[in-house]
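S.K.: here is a sequence together with a model predicted from it:
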Amino acid sequence: MWIKHNRRLLGKVLLLLVILLIVGITVSGCYGRSQPGGWSGVRLADDSLFVGSMDGRLVGLNKSDGSRLWPMDSMLGVSGTAIYGTPAVEGDLVYVGGYNGKVYAVIFESGALRWVYPREGNLEPIVSGVVVAGGKVYFGCSDGKVYALNAAELYEEWEFQTGDKIWSTPVIDGETIYIGSFDKKLYALNAIDGSKKWEFETGGAIASTPLVYNNTVYIGSFDRYLYAIDANSGSLRWRSEVEAGRWFWAKPVAYNNVIYAPNLDGKVYILDANTGREVVGAVDLGSPISSSPVVVGDKVIIATEEGKVYSLDASNNQPGLLIDVGDDGQKIYAPLSASDGVVYIHAQASKQDTLYAVNVETKLTLWSKPLSKE
């Protein structure tokens, strides 16, 4: 009995150590360094885009040329804390969560701080991205709770407790929220009041963001399998026949009834959306993939941690190199974003992070801008 207990304890410790190595989240990194880290994705809004920098500021840029929307000193409230989640935009406000356990609402036009939640004190670290829908701001927290805040003034409307920390970003479909937890479960919650509609348990912790496609929720788990779950009932439609080499971290994407699921083993698993069977053998890109891909036309754009971004042709599932920023010592952990045939790539080096805008068709870099303050 003693041996069995200590094996379970050792397993939990090893799991935590591996997680910390993958995500680079350490106490000294998040609270004691001038460069707190974080790998925010890009939020596109009309002619603007918003991203969290590696030194913990919310940056607003023009899509056309990457010029800044605000003076550097106007980015109030978020400086000095890591930003891991992608910001959200609604009306005249930009919302972002910080690893310091606060959510900020920043004025779109000026970058000035409007609201902060909680007003006093802090929640546990927020790694999840924030999502805005129906007048509410939703996010998951390391305290294991899903929060819904009033979007106009950032006061709490409801919360839902899961069994472990949440790093997954919620997905809203109609009046339902889908979100994963480290307690191994995927939850479907009523977006209005937070009541549970159903839960589905996998064989491992869930850190990735769900994909909702054709009334099905697709989610990858630390048990190395991808799951397809009925969005209404929470019943299992399929579990992938193939077991990946490592954890599923990135959010999968769908194109033409095919699911593309990158994995930390460096492979992209290409599965039939209806059956979960492999359409073709996994494409090996040679480096862990934690960045969530995007679809641009008939191309699936995928970034590896070593800094290479590939354009995978959905007609033949052959990858072609789009851009390589790894030669400059840059890594890619942040999810990709795309608009009008342009993919936006948030890459990071030891002391600086850079945002790239790359035309997928021509493979030309339209612009690149450093984000961190010199």
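M.R.: Great, that's in hand.

S.K.: from here on, contacts and neighbour counts on C-alpha atoms
M.R.: Will do.

S.K.: secondary structure element holding the closest residue to Ala303 other than its chain neighbours?
M.R.: Among residues not flanking Ala303 along the chain, Val309 sits closest, at 4.2 Å (Cα to Cα, 6 or more residues apart in numbering). In this structure, Val309 is located in strand 308-313 according to DSSP states H and E.

S.K.: how about that strand: buried residues?
M.R.: Within strand 308-313, the residues that qualify as buried are 308-312, counting by 16 or more other Cα atoms under 10 Å.

S.K.: wait, Met54 touches Gly85, no?
M.R.: No: when contacts are counted by Cα atoms under 8 Å, Met54 is not listed as touching Gly85 (11.8 Å).

S.K.: what do the two both touch?
M.R.: Trp39 (Cα atoms under 8 Å, 6 or more residues apart in numbering).

S.K.: helices of the protein, start to end?
M.R.: Ranges of helices in the chain, per DSSP state H, are 2-23, 27-31.

S.K.: tell me which helix or strand of the protein sits lowest on mean pLDDT?
M.R.: Least confident helix or strand, the chain: helix 27-31 with a mean of 34, by mean pLDDT, DSSP states H and E.

S.K.: before we move on, the earlier item: so who does the residue nearest to Ala303 touch?
M.R.: Counted by Cα under 8 Å, 6+ apart, Val309 has contacts 301-303, 321-324.

S.K.: beta partners of it?
M.R.: Ala303, Ile323 (DSSP bridges).

S.K.: now it: how far from Val325?
M.R.: 8 Å (Cα to Cα, to the nearest Å).

S.K.: again with Gly234
M.R.: Gly234 is 41 Å from Val325, by Cα to Cα.

S.K.: average pLDDT for stretch 240-253?
M.R.: On average, the pLDDT along stretch 240-253 is 96.

S.K.: tell me the bridge partners for the closest residue to Ala105 other than its chain neighbours.
M.R.: Excluding the flanking residues, the one nearest Ala105 by Cα to Cα, 6+ apart is Tyr95, at 4.6 Å. Per DSSP bridges, the residues bridged to Tyr95 are Ala88, Ala105.

S.K.: thought Tyr95 was touching Lys136?
M.R.: No: counting by Cα under 8 Å, Lys136 is not a contact partner of Tyr95; they are 11.0 Å apart.

S.K.: ok, these two, which is more surrounded?
M.R.: Between Tyr95 and Lys136, Tyr95 has the larger neighbour count (other Cα atoms under 10 Å), namely 27 against 21.

S.K.: and that one, how far from Leu113?
M.R.: 10 Å.

S.K.: next, show the common contact partners of the two.
M.R.: With Cα under 8 Å, 6+ apart as the test, Tyr95 and Leu113 both reach 104-106.

S.K.: now do the same contact list for the residue nearest to Thr354 when sequence neighbours are not counted.
M.R.: With sequence-adjacent residues excluded and distances taken as Cα to Cα, 6+ apart, Thr354 is closest to Pro370, at 4.3 Å. Taking Cα under 8 Å, 6+ apart as the contact definition, Pro370 lies against 352-355.
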